Every structure is written in C-alpha cells, then in structure tokens.
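1. what follows is a predicted structure for the sequence shown.
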Amino acid sequence: MFFQSLSDIATLLPYIYAIVIILGGILIFKIGLAATKAESKTSFKWVLGSFFIQYGVTLFISAPMLLDMILVLTAGAGHNYSGPDPGILAMIVAFSLFVTVNFINMIHKPGIKRSIIIALLIIGPIVASAYIIFNTLGNVL
C-alpha cells in the first residue's frame with residue numbers, strides 16, 4: 001500500500017513542480033514590483049490576484065496550441081507530434097507579453113518601461129509552468 005502511494009506521487013510530481021514554479025513566479029512578481037517602485041496595489045493579495053489574472057490570460061491565449069496538441073494526439077498521430085509551429089508560438093508569446101505588460105501597467109501603475117521589466121521577469125515562470133502542465137497532459141493522452 002505504501003509503494004502504491006509512491007507511484008501515485010510520481011504521477012503528480014510534474015504538477016508539484018509546476019506549483020513550485022508558480023509560487024516562485026509570484027515571489028519574483030512581488031520583488032519586481034517592489035524593486036520598480038510600483039505606485040499602487042502592491043499588497044500581497046493584489047499581487048496574487050494580478051499574477052493569476054495574467055497566468056489565466058496567458059493560458060487562454062495559448063489555448064489554441066493546447067487544442068492543436070490534443071487534436072493531433074487523439075487523431076492517432078500520437079508520438080509524431082513535434083510541437084506547435086514556431087511562427088505561431090512566437091506570435092502567441094509576443095501577444096501574451098504585450099497583454100501582460102498592459103495588465104501590469106493598468107493594475108500596479110509602474111509605467112510602461114518598468115512594466116516591461118516586470119513582465120520579462122514573470123513570463124519565464126508562467127511559460128515554464130504552462131509547458132510542464134501541457135507536456136504532462138500530452139503524455140496522459
């Protein structure tokens with residue numbers, strides 16, 4: 001029974017890594033707001049809410065890539081999936097970065113240049129955790 005629970009933990013390990021990366025992203029976001037001296041809404045509840053809004057919007061923008069992966073895997077070409085088209089990936093990352101910069105500027109008011117710095121700091125954890133989650137979902141299918 002104990003060894004069975006260890007095998008269940010191994011299947012949950014990528015999700016645990018994603019959660020740790022997300023928590024690190026929240027911490028980086030809070031530090032970035034403090035370092036750039038954002039003018040408003042820098043309490044932890046606002047930082048938490050703002051980070052998850054940005055995370056959700058970024059996942060919503062990248063949903064076509066996830067749907068493409070699911071369609072390819074369910075169509076039977078399973079192990080031949082080589083990932084999204086690089087052009088589409090670049091457009092999605094650029095659009096996500098643009099939306100994230102504007103959300104940060106709108107909510108926390110640090111200014112556009114400082115918002116770009118903060119967005120560049122948090123886009124890494126957002127992309128890394130989304131990649132881990134999408135890759136794990138792809139392996140499940």
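-> Everything's here; your move. Residues are numbered from 1 along each chain as shown.
2. which residues touch residue 136?
-> By Cβ atoms under 8 Å, 6 or more residues apart in numbering, the contact set of residue 136 is 14-15. Yep, even glycine has a C-beta here, placed from its N, CA and C like the rest.
3. mind checking which helix or strand of the protein has the lowest mean pLDDT?
-> helix 63-74 (a mean of 78; mean pLDDT, DSSP states H and E).
4. helix or strand right after that helix?
-> Per DSSP states H and E, the first helix or strand lying C-terminal to helix 63-74 is helix 86-108.
5. tell me the angle of that following helix relative to helix 63-74?
-> Computed by axes from the mean of the first three to the mean of the last three Cα atoms, to 10 degrees, the angle separating helix 86-108 from helix 63-74 equals 140 degrees.
6. what residues does helix 86-108 touch?
-> 33, 38-42, 46, 50, 53-54, 57-58, 61-62, 64-65, 83-84, 110-112, 115-116, 118-120, 122-123, 126-127.
7. for stretch 70-90, measure first residue to last.
-> For stretch 70-90, the separation between the terminal residues is 20 Å (Cα to Cα, to the nearest Å).
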